[in-house]
Structures are given as C-alpha cells and as structure tokens.
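# Just need the structure, nothing else, for what follows:
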Amino acid sequence: CQCMACIKSCLLLKTNKGYPKTYINHAKQSLRTINLIHRKMAARRTNACNLCGLCGEICPNGLDMGEVYMKSRRIMHANGQLPEAFHEFWLRDMDFSTSKEVSLCRTQPGYDTTAYLFFPGCQMGGSWPEYVSDTYRHLSDSLEGGVALCLDCCGAPSEWAGYPERTQPIVQGFQDRWEKLGRPKVILACPSCEKMFREYHRDIPTISLWSVLDENPPLQNLTDKRKRVAVFDPCSSRNNPDEQQSIRRMLTAMGYQVEELPMHGRYAQCCGYGGLIYASNPELAEDIRSDRIGDSTLPFVTYCVNCRAVFASGGKQVWHILDLLFGGEERAGQKPPDWSTRTANRIKLKKSLLQELWREEMGRNPEPFEAIKLMIPESLGGKMQQELILADDIKQVVY
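Okay, the predicted model is just below:
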C-alpha cells in the first residue's frame, strides 16, 4: 500500500506522514492502550477525520479510512474513552433542533393529505430562515398534491460523533411522522441528510431539492453577465451525480459560466465541517478551509449551508445556490451568522411560518435567563464563536 493517492488528496493523512496501514495499526493500538496520554492523542487523531469518503473513492482497492475512524469512535464511546468535549456542542445543537421549541411537522395549509414532504435539515433555517420559507412557498405553488414541511434534524451529528444510541430515536421519530403523513416522497435539501437517509431510511422515497428546482425553477433572477463561478460540490454529494448536474444546469440557465474545481463530482473534497472535527482539531479544520479556498480565485457556488458558512467565515466570496435563485448576488460577501444567531434563527423561522402559513401563535414561554441583556464586544464575540460558546450559555451562568 504505497500508491499515495489517498494521502495526496487528504490533509489529515498527509499531515500525519504515514500510510493507511500505519493509521489502522494506530487505531487498533489506541483501542487497547491503558495509557491515558496515548488514549487522548489517539482520540484526537480519530476525531480529526471529516468522514468524507474521498480516500475510499480514490483508493484502487476501496479502502475508506473514514470507516476505520468511524468504527473507532463508536468503540471508544462504548468503552467510555471518547472525550465528550469533542462532540458536546454539536449534540446539544442537535437536541435543540429536535426539541418542541423549533421542531415542526405540518401538512400544507388547506390540505389533509400530502404527496411530498420538504425536509430542509436543521442548519438551513439556522443559517438563513428565508432559505426555508422562500423554498417552501415555491414548492407549495409548483407541486401538485400538497407539500408538507418538517423542521427537524436527521441525526448526522450523533452519527458523526459515534453515538448510535442518540441517532436511533431521531431516525425512528422521523419514520413515525412520515408514516402518519401517508408515506409521501421526501424532498431533501441537505447533502448530509441525503447520506443519512440512504443509510437509515431506505424504504422512504426521496428526491433532491435541486432536481425539483431544476424542473420547476424560480425564473425571476436571470442574468446575462456570463459571470464565471466555480461550483463547490459538498463531499456528501459525491454519490449523487444527478443532483450535481442539476446545480450546473440551473446556474447555466441563470446566465453563469460554470468552471470546475480540480476536485469535483465523485472526487469532491470536504470544506472542513464534516465529521465535526473543529472541536478536536481546529487547526486542521482551518487548514482544510484554506486549502479549499485556494483551489480557485473564482467565486464559489455551493448547495450546502455549512460549506457556505465555512468559506464565508474565511473571507471567500461564496453563494449558496438559493442566494441566487431567491435572493440575488448581494449576499456573496455576507458573513455567516454566528452560533447564537443560528439558534435564534430557528426559533424565528418556526414562529414566522406558524403565523404566516397556519395562522397560529407559537405560544413559547421564555426561560428566565433570556431576559438578561448582554453587551458583547466584537472581539469577544469572535472568541465565543471560536470556542463554541453561545450567548445563552453566558446568560445562564449569569442568571
């Protein structure tokens, strides 16, 4: 095993300066060691993999190191050896996304049954609530038979963290709601959700949002500028070539000139968000982001809100495809919302949808600590973002 193909394409494998066989031996040894320092070092390495699957795609023999690291995480967690700090923030965020405070599942107003169910994923509404509301209105107007809406999480954070006991209730919860709605076709907007559905919901018929919009496009934002853009395919889209081509067709129809990145399509690379590696190895996550940004000087167009957030936080001019379909080019330079704002945005989204579409008030009882007003200097806000600290965390401590 010395072809080096996987190492050349993966910053994690390249940084550790070894071969896959060496990494597999390290993983095995780390599961057996009783040395606390060695165990912590192994846990850091194991949790620094994006789980993107590129190495398995490139390898002549299909060796996917992500599978090795994923199984190692599960074993470490089962043995009580996996530091909770690596995933605690993301699991709390997942719990919030599945809570009654922001979760929502309704049929389209005026419909008792539904042919479709729009599942945007948890981060889309947190990033820009308009992504979800604009898209849902368009789908409701374009598709026959009714379009239900489900605001929830697919369980990817617990899956990536190696906590199967946290993933299963979420999977079963969605399965139950889908059954009650009459088993509609599910429209998925998030490539990571699509990957989870392929793994855990094989009996559920799904279709990519981008395929639907390709066939039923919003036509109000056409341009004749022939602006050159580079499409950044999310790594979790690598096994969905139809979805990837839908994005390119829509951009071409809007008047953009699409140019390809060195690694795209089935060889798409991770932006640095996947696998929740930031908490365990922030330096590597930032290096990966810099590598991806350096692949082209052209503005990026992506169809993953996490990819958009990662690149925009690094100063890259980047659009989510929904920016161009519904919002316009002015969003290209906008910084992504911080973690605290993403939390507030999900509450805002549910509240506004209930009021505007179902004529209901949310009836939320704020926690006492929420009344506290914080004045956060910009420099401290940046530090909080880096350290994964929410404004509500600070309010609760003060309270």
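
# those strands in the protein, which residues are they?
104-106, 116-119, 147-151, 185-188, 206-208, 228-232, 257-260, 300-302, 318-320 (DSSP state E).

# now those strands as JSON lines including distance to Gly381 and mean pLDDT?
Where C-beta positions appear, they are placed from N, C-alpha and C, glycine not excepted. Below are the strands of the chain laid out as JSON lines (distance: least, C-beta to C-beta, whole Å; pLDDT from 0 to 100):
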{"stretch": "strand 104-106", "distance to Gly381": "29", "mean pLDDT": "96"}
{"stretch": "strand 116-119", "distance to Gly381": "32", "mean pLDDT": "98"}
{"stretch": "strand 147-151", "distance to Gly381": "27", "mean pLDDT": "98"}
{"stretch": "strand 185-188", "distance to Gly381": "33", "mean pLDDT": "98"}
{"stretch": "strand 206-208", "distance to Gly381": "35", "mean pLDDT": "97"}
{"stretch": "strand 228-232", "distance to Gly381": "27", "mean pLDDT": "96"}
{"stretch": "strand 257-260", "distance to Gly381": "36", "mean pLDDT": "95"}
{"stretch": "strand 300-302", "distance to Gly381": "25", "mean pLDDT": "96"}
{"stretch": "strand 318-320", "distance to Gly381": "21", "mean pLDDT": "94"}
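
# Is it possible to get JSON lines of those strands that adds distance to Ile372 and mean neighbour count?
Shown next, in JSON lines, are the strands of the chain (distance: least, C-beta to C-beta, whole Å; neighbours: other C-beta atoms under 10 Å):
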{"stretch": "strand 104-106", "distance to Ile372": "27", "mean neighbour count": "17"}
{"stretch": "strand 116-119", "distance to Ile372": "35", "mean neighbour count": "25"}
{"stretch": "strand 147-151", "distance to Ile372": "27", "mean neighbour count": "23"}
{"stretch": "strand 185-188", "distance to Ile372": "38", "mean neighbour count": "22"}
{"stretch": "strand 206-208", "distance to Ile372": "42", "mean neighbour count": "18"}
{"stretch": "strand 228-232", "distance to Ile372": "39", "mean neighbour count": "21"}
{"stretch": "strand 257-260", "distance to Ile372": "48", "mean neighbour count": "13"}
{"stretch": "strand 300-302", "distance to Ile372": "37", "mean neighbour count": "24"}
{"stretch": "strand 318-320", "distance to Ile372": "33", "mean neighbour count": "27"}
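
# To Ser30, which of those strands lies closest?
Nearest of the strands of the chain to Ser30, taken as C-beta to C-beta: strand 228-232 at 33.1 Å.

# what's the distance between Leu117 and Leu188?
10 Å (C-beta to C-beta, to the nearest Å).

# nope, Thr297 is what I meant
Distance from Thr297 to Leu188, by C-beta to C-beta: 32 Å.

# And the pLDDT for the residue nearest the centre of the chain?
For the chain, the residue nearest the mean C-alpha position is Asn306 (4.9 Å; C-alpha atoms, centre = their mean). Model confidence at Asn306, given as pLDDT, is 95.

# just the one 4 residues further on next, same as before
Predicted confidence (pLDDT) for Val310: 95.

# so what's it up against?
Listed by C-beta atoms under 8 Å, 6 or more residues apart in numbering, the contact set of Val310 reads Cys271, Gly272, Tyr273, Arg289.

# I'd assumed Phe311 was in contact with the last one.
Yes: in this structure, Arg289 sits in contact with Phe311. The criterion is C-beta atoms under 8 Å, and the distance is 7.0 Å.

# hey, what's in contact with both of the two?
With C-beta under 8 Å, 6+ apart, Arg289 and Phe311 have common neighbours Cys271.

# circling back to that earlier point, could you dump the contacts of Val310 into CSV and include neighbour count and pLDDT?
Shown next, in CSV, are the contacts of Val310 (neighbours: other C-beta atoms under 10 Å; pLDDT from 0 to 100):
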residue, neighbour count, pLDDT
Cys271, 28, 96
Gly272, 27, 95
Tyr273, 22, 95
Arg289, 21, 96
